[in-house]
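>>> pasting the sequence and the predicted coordinates here, then a few questions.
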Amino acid sequence: MYSFFGVLISAGANNSNTDHVNKMWKKNAYPLYRATMGRIRFQSLLRFIRFDDYTTRPARVANDKAALISDTWKMLNANLAALYRPTEHLTIDEQLYPFRGRTKFTQYMPSKPAKYGLQVFWLCDASNAYPLKGILYTGKQGNTREVNQAERVVKDLVSDYKGSCRNITTDRFFTTLPLVETLLSWKLTIVGTLKKK
């Protein structure tokens, strides 16, 4: 399993994480993959690995669209925050991970290169882009449309840094005057673009 995860991490570091598995194991590809394990073994592990308890799945899916990966996502966020002390400059933005699989929360964004994928809001250290916390967007809850979603996302992401006198940089999607006032009351500053309205 360590070898399997090592191949996955190496694929991400070498920008071959979007390549087809057959291409990764060709003779002219990165040799670490072939040296670590066979292609068929890797594909078997990739096909059958699960991080979800199927016995409790129906109850969890009723309340959480991302129930299949929620525990793993929480563990990732806990480890990201525990293993790094950020500088005083943080940044918030969204990212669309290319994904065309079947989920209830796959997003379509025509302005992005991939168009379809999973949308994640990230809080990162501005000096080196280290991710500190991520919120997986799973769509609207129920039939009601969320008001001030961007403001809620920023508050959720920076809540662990209240009173730290850090600066948060955002783009125009996230920046609002009520958010600025809230962050100032939390002893945080913000740099961002404001819309005319």
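Yep, that arrived.
>>> packing partners for the least confident helix or strand in the chain by mean pLDDT?
Least confident helix or strand, the chain: helix 57-63 with a mean of 84, by mean pLDDT, DSSP states H and E. Where contact means 3 or more Cβ pairs under 8 Å, 6 or more residues apart in numbering; DSSP states H and E, helix 57-63 is packed against helix 67-82. The way it works is simple: take the backbone N, C-alpha and C, and place the C-beta from them, glycine included.
>>> alpha carbons of stretch 45-53, as CSV, please.
Extracted in CSV, the C-alpha atoms of stretch 45-53 (Å, rounded to 0.1, in the frame of the first residue of the first chain):
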residue,chain,number,x,y,z
LEU,A,45,-5.5,-1.5,-6.2
LEU,A,46,-6.9,1.6,-7.9
ARG,A,47,-10.1,-0.2,-8.9
PHE,A,48,-10.8,-1.8,-5.5
ILE,A,49,-9.5,0.6,-2.9
ARG,A,50,-12.3,2.2,-0.8
PHE,A,51,-12.2,4.5,2.2
ASP,A,52,-15.9,4.1,3.0
ASP,A,53,-17.9,1.9,5.3
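>>> pLDDT (mean, whole number) over that stretch?
For stretch 45-53, the mean per-residue pLDDT is 86.
>>> identify each buried residue in it, please.
residue 45 (16 or more other Cβ atoms under 10 Å).
>>> so which strand or helix has residue 132?
According to DSSP states H and E, residue 132 maps onto strand 131-136.
>>> what about the strands in this structure?
89-98, 107-108, 116-125, 131-136, 167-169, 189-191 (DSSP state E).
>>> now the fourth one: mean pLDDT?
Per-residue pLDDT values over strand 131-136 give a mean of 94.
>>> quickly, which of the strands of the chain bottoms out on average pLDDT?
strand 107-108 (a mean of 88).
>>> adjacent strands (with direction) for that one?
When pairing is defined by DSSP bridges, strand 107-108 lines up against strand 116-125 (antiparallel).
>>> how about residue 135, nearest residue that isn't a chain neighbour?
Excluding the flanking residues, the one nearest residue 135 by Cβ to Cβ, 6 or more residues apart in numbering is residue 121, at 4.5 Å.
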